[in-house]
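> Attaching a predicted model along with its sequence, questions to come.
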Protein chains: 2
Amino acid sequence: MRLSDTIEQFIKELMTQEEPEVELRRNELAEYFSCAPSQINYVLATRFTPDNGYIIESRRGGGGYIRIVRIVRSSGQRLQWMIRERIGTALTGVEALRLIGQLTQEGIITRDEADIMRAAVSDQALGVPMPENVKDALRARTMKAMLTAVAGKNRQNDAVPPPSNPL
Amino acid sequence: MRLSDTIEQFIKELMTQEEPEVELRRNELAEYFSCAPSQINYVLATRFTPDNGYIIESRRGGGGYIRIVRIVRSSGQRLQWMIRERIGTALTGVEALRLIGQLTQEGIITRDEADIMRAAVSDQALGVPMPENVKDALRARTMKAMLTAVAGKNRQNDAVPPPSNPL
DNA sequence: GGTCAATAGACTTTCTTTGACCTAAGTCTA
DNA sequence: TAGACTTAGGTCAAAGAAAGTCTATTGACC
C-alpha cells in the first residue's frame, strides 16, 4: 500500500464521528512514518482538500500544529456549494470525475446515478470536435444542471438554511 | 496459442465466480509473460471492453494498478435498440425528452435517473453558444453515452476515486 | 498479395517520495 | 526590547514509479 494512503487512513482514524477535528504535529507524524515531513503536506494537499470536505489550519514556530477539520454539511448544502462555489464556468474531465466520486462516497447520489453523470461528461459524450475550453464550459454547465436536478429531489430534507443576517 | 489469448485466459482465471474483480500490476504481468507492458493494454482494450461486460479502472504513479471488474448487464434489448438504431447522430431536445419519458414509463430507468438525464440534455446544460445542429449532435452522443451506462450497470464494487492532485 | 490482429518500443502523463531551502512564531539574553 | 537562536511548518523542484498512447512492424489467414 502507498505511504500516502496509510497516512490518510491514520489521520481519518484519529478523526472519529463525534470529533470531526484533529490536531497533529507534522514532524512527529513524519517521524512516526519515517518519511519526509513534506510528505505530510502532500497527503493533506491531495486528500484533505475542501473538495473532499476538509479545512486545514496550521501554525508554525514553537508549539506549531496542523489542524484538520471535517466540514459537516447536509447533502443539500454540499450540492449547493458545488453548484454555486465549486464548479464555476469551466470543469475539466478529471475534476468532474472527482466530484462525482465524492458525491457517491458521501452517499448523496447512487452508484447508478454516478454512472449516468460520468457518461454525460465523458469524452464519449463530448466527442464532437470542439476546442477543449468549450468542452470544459459545457461540462461545468452539464454538471450544474444535473446536480440541480438532484438537489431538487432532496428539497424536503435539506432546505437551504436562511442566510444569517449579522446586522 | 497467441500470447494475447494466453493473457486473456490468465486474467479470467484470476477472476472466479464469487470474486468478479481482479487487481494487477501491469509491469509484473508483462514481466511474467515476458512481453511489452503495452501488450497488456492491448489485451484489455480488445478483450475486456464494456461491450464484453468489463470495466477497467487504473491508476498511475507509485503503487499504481489496473483493476478489472466484471459487470452484469441488465435488460438491454430496448436500450440497445435506442443506442444503435433510434438515436443516430442527432437528437432534438423534444425527441430526447420523449425517449427519457418512455424509458421511465417502461421502468427501465428511475424517475431520479430520468431527472438527471433531462438535466444533462437541457438547454441549461447546452447553453454554451453554438449552432443548433452541433447541439443536436451533442445531445445524441450524450444520450447514447448515458444509456450505455444504464445498460452496463450493476457493477459489483466501487472504485476509490483518485485523489486530487493540485501540483 | 492484402487485410487485420498482434507485438514491441519509444514517448507521455500522472501520482508519489524526497530533499533542499524558506518563513513564521516563540524564547532568551545582552 | 532588539536581535539571536530554536522550533516548527511551508514551498518547490527533481527524481522515481507506474500506467497510457501512438506508431511501426510482424504475422496469420483469406
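Received it, and whenever you're ready, just let me know what you need.

> Burial check on residue A:1, number of neighbours?
7 (other CB atoms under 10 Å in any protein chain shown). All C-beta spots, glycine's among them, are computed from the backbone N, C-alpha and C.

> give me every residue that touches it.
residue B:63 (CB atoms under 8 Å, 6 or more residues apart in numbering or on different chains).

> what's the spacing between it and residue B:63?
Computed as CB to CB, to the nearest Å, the residue A:1 to residue B:63 distance reads 7 Å.

> and what of residue A:21?
Taking CB to CB, one finds residue A:21 at 29 Å from residue B:63.

> Check residue A:26 too.
Counting by CB to CB, the gap from residue A:26 to residue B:63 is 22 Å.

> The longest helix seen in chain A close to DNA strand D?
The residue-count maximum for a helix in chain A (DSSP state H) belongs to helix A:132-153. No - counting by CB under 7 Å from any atom of the strand, no contacts exist between helix A:132-153 and DNA strand D, the nearest distance being 14.0 Å.

> do that helix and chain B meet at all?
Yes - using CB under 8 Å from any CB of the partner chain, helix A:132-153 reaches chain B at A:134, A:137-138, A:141-142, A:144-146, A:148-150, A:152-153.

> What's the mean pLDDT across that helix?
The average pLDDT for helix A:132-153 rounds to 93.

> any idea how far the residue of chain A found nearest chain B is from residue B:122?
Minimum separation of chain A from chain B (CB to the nearest CB) falls at residue A:101, amounting to 2.6 Å. Per CB to CB, residue A:101 is found 23 Å from residue B:122.

> Could you do residue A:26 as well?
Residue A:26 is 47 Å from residue B:122, by CB to CB.

> Could you give me the buried positions within the helix or strand containing residue A:9?
Using DSSP states H and E, the element containing residue A:9 is helix A:3-14. If you call a residue buried by 16 or more other CB atoms under 10 Å in any protein chain shown, then helix A:3-14 has these buried ones: A:4, A:7, A:8, A:11.
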